[in-house]
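J.: predicted model, plus sequence, below.
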There are 10 protein chains.
Amino acid sequence: MDDLSLLSASKTPVPHSPEEAQLETFENSHPDREYTITFDCPEFTSLCPITGQPDFGKITIDYIADKKCIESKSLKIYLFSYRNHGAFHEEVTNLILDDLVKACSPKWARVTGNFLPRGGIAIHVVAEHGKR
Amino acid sequence: MDDLSLLSASKTPVPHSPEEAQLETFENSHPDREYTITFDCPEFTSLCPITGQPDFGKITIDYIADKKCIESKSLKIYLFSYRNHGAFHEEVTNLILDDLVKACSPKWARVTGNFLPRGGIAIHVVAEHGKR
Amino acid sequence: MDDLSLLSASKTPVPHSPEEAQLETFENSHPDREYTITFDCPEFTSLCPITGQPDFGKITIDYIADKKCIESKSLKIYLFSYRNHGAFHEEVTNLILDDLVKACSPKWARVTGNFLPRGGIAIHVVAEHGKR
Amino acid sequence: MDDLSLLSASKTPVPHSPEEAQLETFENSHPDREYTITFDCPEFTSLCPITGQPDFGKITIDYIADKKCIESKSLKIYLFSYRNHGAFHEEVTNLILDDLVKACSPKWARVTGNFLPRGGIAIHVVAEHGKR
Amino acid sequence: MDDLSLLSASKTPVPHSPEEAQLETFENSHPDREYTITFDCPEFTSLCPITGQPDFGKITIDYIADKKCIESKSLKIYLFSYRNHGAFHEEVTNLILDDLVKACSPKWARVTGNFLPRGGIAIHVVAEHGKR
Amino acid sequence: MDDLSLLSASKTPVPHSPEEAQLETFENSHPDREYTITFDCPEFTSLCPITGQPDFGKITIDYIADKKCIESKSLKIYLFSYRNHGAFHEEVTNLILDDLVKACSPKWARVTGNFLPRGGIAIHVVAEHGKR
Amino acid sequence: MDDLSLLSASKTPVPHSPEEAQLETFENSHPDREYTITFDCPEFTSLCPITGQPDFGKITIDYIADKKCIESKSLKIYLFSYRNHGAFHEEVTNLILDDLVKACSPKWARVTGNFLPRGGIAIHVVAEHGKR
Amino acid sequence: MDDLSLLSASKTPVPHSPEEAQLETFENSHPDREYTITFDCPEFTSLCPITGQPDFGKITIDYIADKKCIESKSLKIYLFSYRNHGAFHEEVTNLILDDLVKACSPKWARVTGNFLPRGGIAIHVVAEHGKR
Amino acid sequence: MDDLSLLSASKTPVPHSPEEAQLETFENSHPDREYTITFDCPEFTSLCPITGQPDFGKITIDYIADKKCIESKSLKIYLFSYRNHGAFHEEVTNLILDDLVKACSPKWARVTGNFLPRGGIAIHVVAEHGKR
Amino acid sequence: MDDLSLLSASKTPVPHSPEEAQLETFENSHPDREYTITFDCPEFTSLCPITGQPDFGKITIDYIADKKCIESKSLKIYLFSYRNHGAFHEEVTNLILDDLVKACSPKWARVTGNFLPRGGIAIHVVAEHGKR
């Protein structure tokens, strides 16, 4: 059950793909200090582009903001947009990094995808943008 | 990536709701012995019926088979059918138990749903059929 | 940051004490099956009635519903009502159980309070209503 | 229950915001040695500035003192001052660092905020002052 | 550093032995409900009666109160009274149980002592009063 | 109970303060190799200099010996000497490091004090002598 | 590398199936005492009878011997015999129990198979013989 | 039980040795970004070349792809080819690295083999190709 | 290094077998209360009677004393007597229980032996005397 | 029980001291690649040279081989030779490193000894040869 009131809540429109989703930002209150923000997102699922079967994983985002910070509710909906979208693990991780960089031009960013095993093998992907 | 060959695999048809999905069974090779079978399913997701937002959880099924055992691949697809289906945590857990009982008439069965927190509160539901 | 949209959200009115808060319920869909519902609430704080200093703890609620189930968002706000309220650990745990029983008349209920240490001693309280 | 005697204790005056609270210091007994002091504070709560709902987290402070050390009881009351104060996770962490630096001019300091998940996403912020 | 204010605090008089210490009680607010209270006390030390060397352990107290509850600050000082007192592990655990029973006449009580290893062997003692 | 025979053991004389205690050494058998020795001491207690109440912690000592190594039984008795001695966490850690350096002139040494929480805040201190 | 000397070791003849393998026994030295023996076998692999792909799991055997105990080296070779043998998880666990009972007629026995996940679902099977 | 349908699945041809197996690749979608891909393979078994007895271990592969990525299903079958093949732990780990390098010419690669104990000693081997 | 003073310590005479060792006892101070004493002994080694190779394990002893308690230093030396003694895991565990019962006639006793793996299989034995 | 057949096994001759034991080697198959080999040896025991009492620990060996690798069975027997040999923790660790270097002239080696506590203090020693 969600945080929204049962009476007043209207359904959040669900984006059909990452292209449709929008990562929103807010102004960084401390742009002069290089501090790290981490989003720990254990609720991620996408579809295997070959079989259409669901894949599950945990996405971790670390970044050093420049002028803009990522707003966490829009991040939740952005990640939700992969739910009915086919994508390989290696591509998903890089695509999230590309979209994050496009949205907020961080000084540094890293996306880690830890995917649950298929055929006895789990895949983990770590992609970085810029230098820490 | 799935276990199926990249070349020969055709997409598995995805059921749109639990009603459409089919729990398949095979004959119990040891019907005279009361032994316990457990399915540990950490990859479960459904939708909140109020907000349309995704919920995530882990489903654990323990049962003592009578004449029929649940086939695990059909179970995977059955659980997959909740992916775009709205249901409350309490109902999801009871519904899976109802469908399991209907499919294989077990001597005993228990379904446990451990759902991830919303608003700082995690919900766990444990429903049982018959006596162990 | 909360799940509510930054633009449209209005502040939830905060109850000043447990007496003002309201535990809401919904109809139990499976009243004939004795199944267990657990709420795991790691975000609890109250005030020491002697010193006015904050206490922190984790509240766990297990119950078997009869006709009515506890609605989880109202539970969140109910627990929030202890935030500026003075109460001893032993009383808090029993009071939550009393209010739960009053709200939904469960077949069985148990409230566990695990409070963080003061003076090197942590207190845990487990109170039960009815027989399982 | 607090460490203070039930009979003699008077209520500690609670600051209404971080601005009102005071981080007290004592003289560093070993100013020539660059040693690290860590405060591990698992009992932190503030309010979401948008919804008024409580947020919970753990604050960790590491620093190398220069002439002055932070007195731990005043730190406890300082952190307590966020209890009824609205602030975003990113700002809270940076603000604690600013106030720490103002209070004791450390050679180096780092504040880490590990906040509990909202909407399935947990946020962690790490802000540093000076070079170790 | 203790919770007491640096300026106003006077030293708590330290009892020289368990006989001198006093377990204080307060009235049980829910005497009709059989609920369990646990004190988790990881800070315990006594002396070996043979060698005078310190022993360390963790004391856990579980009890069901009748008319009176144990006040936790007096418990802290009571346990502190073993600090310069010689006693064997088996006796310490039983003695704490005897004193607890004398102080509050509980419906049921259990004291567990988990002592750190000497000569490669750790000793744990569990003593119970009454039936749960 | 200690390792010493119940019959023949005489009580070890207990030093009343760190100044009275003596860290003994033995010759380093491998002075040409820079190897690290660690003492892991989970049994440490001292008194709060303000309130007289006991504090508990774990002391970890890492060092690279030069000509002399610390004898572990004398270290045990040295740490025992803090038992009835008032000292702040920051000072205790630095004082142990000072005494270690005085006793064996190591090439490098580090003392870590991990103290149990007071008022919900745990303090950890790490002090180092020389460069590794 | 095995425990056997590199020079003198001859290859152990590998049974091609469980039928060919032999569980050897030795006389129980304490047949009058009902004590439990557990074999913890994390090194188990068999083949999927449908696809020929390897499955991996952990087999745990608990039993109360009557006149005969299972010799552990023959158990190792017996479990090794499943390596190139096709069998479902439910059958493997029951078959091991059948063979154990046949070999040593225990007063009680239980076999637990914990198999690694396929398609995101792990299967655990617990089969028991006799009453404890 | 495997992911393949019970009806349509044909047995995957099993390679008899690593030489017969084929590591397949696909084009790297982000060749300009140096990101890390990890395969976590807990299901590995080979034979001891001296005794013919099975060895078990966990293989972890980390690499930075250049133009080609390793396809995970072919990796599963490649690792499966060691099942009836005799090889020492040190050689197995280096051989997997050699074959990985040959198959996809990565910018950097590391293979870690964590093998279960024999004679009370577990062996771990870490081999690296190129510089990270 | 042992607890004994380097100067005054004479070597403890080491028993060559369990028969030579002596479990000493002291009077139970609370014979009317049925309380449990546990000895946790992670330092146990014996020899394999077939190969002469060392075996390692952890022995746990739980008992309810009648008139006499086991003295822990004599237990340490008793367990030490297995060091150069050949014995199977099943026998070792039962033999320790027999000797414990002979030494102190407890109301109830249980000995658990958890032995480290040989050939990939770990053996655990639990033997009990009397009823709890 | 050992891996050797009960019938054919002859007792392995046990060396009485490390000087008598022999670390055997085999040719490194990949001398041009600087890869790391780790031996994890949780089964180590020696005697205290002062009291004759047993000490227990875990030895970890990491090395980069040059032309020769250490054969693991001879390592097991070499470590076994400390069983009835008196040696201090600091010396044991350095001696094993000396013998390893003498036996296989590695490019780099490190020996770590983690010994169980005596008198409440555990000692860990880490000695290194060459530069990694």
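T.: Cool, got the structure. Numbers count the residues shown, from 1 in each chain, chains lettered A, B, ... in the order given.

J.: and the helices in chain A, which stretches?
T.: Per DSSP state H, chain A carries helices over the ranges A:72-80, A:89-104.

J.: ok, which of those helices comes nearest chain H?
T.: With CB to the nearest CB, the closest approach to chain H among the helices of chain A belongs to helix A:89-104: 4.6 Å. Just so you know, the C-beta spots here come from the backbone N, C-alpha and C atoms, and that holds for glycine as well.

J.: so for chain B, which of the helices of chain A sits nearest?
T.: Evaluated over those, closeness to chain B peaks at helix A:72-80, with 5.9 Å, by CB to the nearest CB.

J.: packing partners of that closest one?
T.: Judged by 3 or more CB pairs under 8 Å, 6 or more residues apart in numbering or on different chains; DSSP states H and E, helix A:72-80 is in contact with strand A:36-47.

J.: which secondary structure elements does the strand it packs on sit against?
T.: Under the contact definition 3+ CB pairs under 8 Å, 6+ apart, strand A:36-47 sits against strand A:54-64, strand A:68-70, helix A:72-80, strand B:36-47, strand B:54-64, strand D:122-129.

J.: returning to what we had before: and the helices of chain A as JSON lines, adding distance to I:Lys131?
T.: Compiled in JSON lines, these are given as follows (distance: least, CB to CB, whole Å):
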{"stretch": "helix A:72-80", "distance to I:Lys131": "57"}
{"stretch": "helix A:89-104", "distance to I:Lys131": "57"}
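
J.: with distance to D:Leu97 and mean pLDDT added, can I get those in TSV?
T.: Formatted as TSV, the entries for these read as follows, by distance: least, CB to CB, whole Å; pLDDT from 0 to 100:
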stretch	distance to D:Leu97	mean pLDDT
helix A:72-80	21	96
helix A:89-104	22	97
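
J.: mind putting the helices and strands packed on strand A:36-47 in TSV, distance to F:Ile59 included?
T.: Output for the helices and strands packed on strand A:36-47, formatted as TSV (distance: least, CB to CB, whole Å):
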stretch	distance to F:Ile59
strand A:54-64	34
strand A:68-70	41
helix A:72-80	41
strand B:36-47	41
strand B:54-64	41
strand D:122-129	28
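
J.: got these as CSV, with distance to I:Thr25 and mean neighbour count columns?
T.: Formatted as CSV, the entries for the helices and strands packed on strand A:36-47 read as follows, by distance: least, CB to CB, whole Å; neighbours: other CB atoms under 10 Å in any protein chain shown:
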stretch, distance to I:Thr25, mean neighbour count
strand A:54-64, 56, 21
strand A:68-70, 69, 20
helix A:72-80, 65, 21
strand B:36-47, 44, 20
strand B:54-64, 46, 21
strand D:122-129, 55, 20
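
J.: C:Leu75: which of those is closest?
T.: strand B:54-64 (16.7 Å; CB to CB).

J.: isn't A:Asn114 up against A:Thr93?
T.: No: contact status for A:Asn114 versus A:Thr93: not in contact, 9.7 Å apart, counting by CB atoms under 8 Å.

J.: tell me which of those two has more neighbours.
T.: Neighbours per residue, other CB atoms under 10 Å in any protein chain shown: of A:Asn114 and A:Thr93, the larger number sits with A:Thr93, 27 against 20.

J.: OK, contacts around the more buried one?
T.: Shown in contact with A:Thr93 (CB atoms under 8 Å, 6 or more residues apart in numbering or on different chains): A:Ile59, A:Val111, A:Thr112, A:Gly113, A:Val125, A:Val126, A:Ala127, H:Tyr35.

J.: identify the residue nearest the first one in space, chain neighbours excluded?
T.: Put plainly, it is A:Ile59. Excluding the flanking residues, the one nearest A:Ile59 by CB to CB, 6 or more residues apart in numbering or on different chains is A:Cys41, at 4.4 Å.

J.: re the thing from before, D:Asp55 is nearest to which of the helices of chain A?
T.: helix A:72-80 (11.6 Å).

J.: and the closest one with helix A:89-104, angle?
T.: Using axes from the mean of the first three to the mean of the last three CA atoms, to 10 degrees, one finds that helix A:72-80 and helix A:89-104 are set 150 degrees apart in direction.

J.: got the angle for helix A:72-80 vs strand B:54-64?
T.: Using the same axes, to 10 degrees, the interaxial angle of helix A:72-80 with respect to strand B:54-64 works out to 60 degrees.

J.: before we move on, back to that, closest one to F:Thr45 among the helices of chain A?
T.: Closest of these to F:Thr45 is helix A:72-80, at 43.9 Å (criterion: CB to CB).

J.: next one: the closest one to chain centre, how far?
T.: Distance of helix A:72-80 from the chain centroid (CA atoms, centre = their mean, to the nearest Å) equals 7 Å.

J.: kindly report the same for stretch A:70-85.
T.: In this view, stretch A:70-85 has its centroid 6 Å away from the chain centroid, taken as CA atoms, centre = their mean.

J.: what does chain A put close to chain G?
T.: On the criterion CB under 8 Å from any CB of the partner chain, chain G has as its neighbours in chain A the residues A:Gln53, A:Phe56, A:Leu116, A:Pro117, A:Arg118, A:Gly119, A:Gly120.

J.: how does it look with 7 Å?
T.: For chain A, the contact set with chain G under CB under 7 Å from any CB of the partner chain comprises A:Leu116, A:Pro117, A:Gly120.

J.: just the buried ones from those residues?
T.: When those are checked for burial by 16 or more other CB atoms under 10 Å in any protein chain shown, the buried set is A:Leu116, A:Pro117, A:Gly120.

J.: how about the residue lying closest to the last one once chain neighbours are set aside, what does it touch?
T.: In space, not counting the residues next to it along the chain, A:Gly120 is nearest to H:Glu43; the distance is 4.1 Å by CB to CB, 6+ apart. Residues touching H:Glu43, when contacts are defined by CB atoms under 7 Å, 6 or more residues apart in numbering or on different chains, comprise A:Gly120, G:Pro54, G:Phe56, G:Leu116.

J.: closest to chain C among the residues you listed?
T.: Distance ranking of the contacts of H:Glu43 against chain C, using CB to the nearest CB, places G:Leu116 first at 28.0 Å.

J.: measure A:Ser105 to A:Glu27 for me?
T.: A:Ser105 sits at a distance of 13 Å from A:Glu27 (criterion: CB to CB, to the nearest Å).

J.: same thing with A:Leu97?
T.: Distance of A:Leu97 to A:Glu27, computed by CB to CB: 22 Å.

J.: more crowded one of these two?
T.: The residue with more neighbours, out of A:Leu97 and A:Glu27 and counting by other CB under 10 Å, is A:Leu97; that gives 25 against 9.

J.: and the more buried one, what is it in contact with?
T.: The neighbourhood of A:Leu97, defined by CB under 7 Å, 6+ apart, consists of A:Ala109, A:Val111, A:Ala127, A:His129.
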